[in-house]
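Visitor: Fold the following for me, if possible:
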Amino acid sequence: MIPVEQQGQQPQPARQDHQDHEDQRPRLGRRQSQRQRRRRRRLRRSRRATAFATLVLLALALSAVASRPPSSPIAVTVAGTLVKVRRHGGSASVADALRAARAAPHDGALLAVVSHRVLDAHHDPATFLVDGHPALRASELESGDTITFADGIDSVESVELRETPLEPDGRPAVERTLWRAGHAGVANSQVGAVSGEVLSSTRILSATAAVPERANVVALTFDDGPNAQWTPQVLQILQDEGVKATFCTVGYATQRYPDLVRLEHDRGHAACDHTLHHPLTLPSKPRATVEDEIFGQADKLEEILHESLHLYRPPGGNLSPLVIEVAHQRGLRVLLWDVDPHDYQRPPAPVILQRILDRVRPGSIILMHDGGGDRSQTVAMLRPLIEALKGRGYSFSTPVDEPPAL
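Guide: Predicted coordinates for the structure are as follows:
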């Protein structure tokens, strides 16, 4: 047996050993923490040293730039006058010398043959010589150079002989009925090669004037479309009956239903500008607004149809000299009507039909609507109208079509 004293003394070395390990752990942690703090301090010192060195180098560079003497000007002669020219970026150009001498050479312009408006402001550029050698405005100079220049010369465009059409006249400024178009004439004209302005003209074939339509021909016109519900029904009836009509479309509907506008065109119907937003007070608006409304819708239609437009119908038929002038300026004939059944008020179909039949005559332009509201009554009376007019011996045309021969 082991003596009791030995049993009590045996565990003591183990407790001591355990205590030594516990004492070592804090010491190791403290050493690691000290090493990390030392590394951080060295890193901070290194960063501060780098920043300081950068600032020193920047200050030295700025000092060198500030202490560098500015480029000294050079002396040159411009058109006999001695001037000093500052150098930019170490050099001076002909343009710098011209500015210093306050010389302003100008290019020669090309002028129209009749109006003398400027067609090309730089047609004949000014020329420059440096010490007798051709130069440009950007050419670099040296001290002592001599610069001379010559202005460009204005000139009138050349004239060429062309056959030009003589447009038939006779149509009124505002068309309320159909007109039988006249025939264009031909002239030999001297025209500006660039401007096309006519200097002189000799008539070869005289034009014949347009005359009012006297035959049994009428035009059906539809305003305020296209409309997704009513326009397709109108188009189907017209196709069934073999009739061509005119569609006066507004911009917001054209933007929404361009495919219907294309369908109208593809089936042979005429397109007409009815403004962008249908403003009934357009005659009271300033010129800029009138142009925006008329030109804007014309642009939309020509973009969709890929051909020039020829007709304009004012909203509500409201006109002023300015509205007519702007439409003609765009090359648009102003189209009104002489038969208005007031179908926009949505009376019953028989009422609309009777109003038209009571007022129609040879050359009539009939106003109806395929947009702007409920057009069910207009659609309902359209086929009976066409059949009734055919029964009276009428045929159908559009203001841009050649009417049937007399």
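Visitor: Could you give the number of residues near V191?
Guide: Applying other Cβ atoms under 10 Å, we find 20 residues neighbouring V191. All C-beta atoms are positioned from the backbone trio N, CA, C, and that covers glycine.
Visitor: list the contacts for it?
Guide: V113, V159, E160, L161, R162, T164, E197, V198, L199 (Cβ atoms under 8 Å, 6 or more residues apart in numbering).
Visitor: Hmm, the fourth one is touching N188, no?
Guide: Yes - L161 lies in contact with N188 (Cβ atoms under 8 Å); the separation is 6.4 Å.
Visitor: hey, C-alpha coordinates of stretch 155-173 in CSV?
Guide: Output of stretch 155-173 as CSV, limited to C-alpha atoms (Å, rounded to 0.1, in the frame of the first residue of the first chain):
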residue,chain,number,x,y,z
SER,A,155,-19.9,85.8,-107.1
VAL,A,156,-23.3,85.0,-108.5
GLU,A,157,-24.2,81.4,-109.3
SER,A,158,-24.0,80.2,-112.8
VAL,A,159,-27.1,80.0,-115.0
GLU,A,160,-28.3,77.1,-117.0
LEU,A,161,-31.1,76.5,-119.5
ARG,A,162,-33.9,74.2,-118.4
GLU,A,163,-37.4,73.2,-119.4
THR,A,164,-39.7,74.2,-116.6
PRO,A,165,-43.4,73.4,-116.1
LEU,A,166,-46.0,76.2,-116.1
GLU,A,167,-48.5,75.3,-113.5
PRO,A,168,-52.1,75.6,-114.5
ASP,A,169,-54.0,78.2,-112.6
GLY,A,170,-57.7,78.9,-112.1
ARG,A,171,-58.3,77.1,-108.8
PRO,A,172,-59.5,79.3,-105.9
ALA,A,173,-57.5,79.7,-102.8
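Visitor: Averaged pLDDT, that stretch. What do you get?
Guide: The average pLDDT within stretch 155-173 is 87.
Visitor: now do stretch 277-290
Guide: 97.
Visitor: try stretch 356-371
Guide: 98.
Visitor: What residues sit buried inside it?
Guide: Neighbour-count burial for stretch 356-371, counted by 16 or more other Cβ atoms under 10 Å, picks out I356, V360, G363, S364, I365, I366, L367, M368, H369, D370, G371.
Visitor: Next step: these restricted to helices.
Guide: Counted as lying in helices by DSSP state H, out of these, are I356.
Visitor: could you dump the buried residues of stretch 356-371 to TSV with distance to G296?
Guide: Shown next, in TSV, are these (distance: Cβ to Cβ, whole Å):
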residue	distance to G296
I356	32
V360	34
G363	31
S364	30
I365	24
I366	27
L367	23
M368	24
H369	21
D370	21
G371	18
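Visitor: from the buried residues of stretch 356-371, which single one is nearest V130?
Guide: Each of those was scored against V130 by Cβ to Cβ, and G371 proved nearest at 70.0 Å.
Visitor: P226 is in contact with that closest one, correct?
Guide: Yes - here G371 reaches P226: they are 6.4 Å apart, a contact under Cβ under 8 Å.
Visitor: overlap in contacts of those two?
Guide: Common neighbours of G371 and P226 (Cβ under 8 Å, 6+ apart) are T249, A253.
Visitor: Domain boundaries for this protein, per the record?
Guide: Domain assignment for the chain by automatic domain parsing gives 74-104+133-151, 159-211, 213-396.
Visitor: residue boundaries of the helices in the stretch 151-300 of the chain?
Guide: Ranges of helices in the stretch 151-300 of the chain, per DSSP state H, counting those that start in this stretch, are 231-241, 251-256, 258-266, 287-305.
Visitor: I'd like the average pLDDT over the third one.
Guide: In this case it means helix 258-266. For helix 258-266, mean pLDDT is 98.
Visitor: tilt between that helix and helix 287-305?
Guide: Here the directions of helix 258-266 and helix 287-305 differ by 70 degrees (axes from the mean of the first three to the mean of the last three Cα atoms, to 10 degrees).
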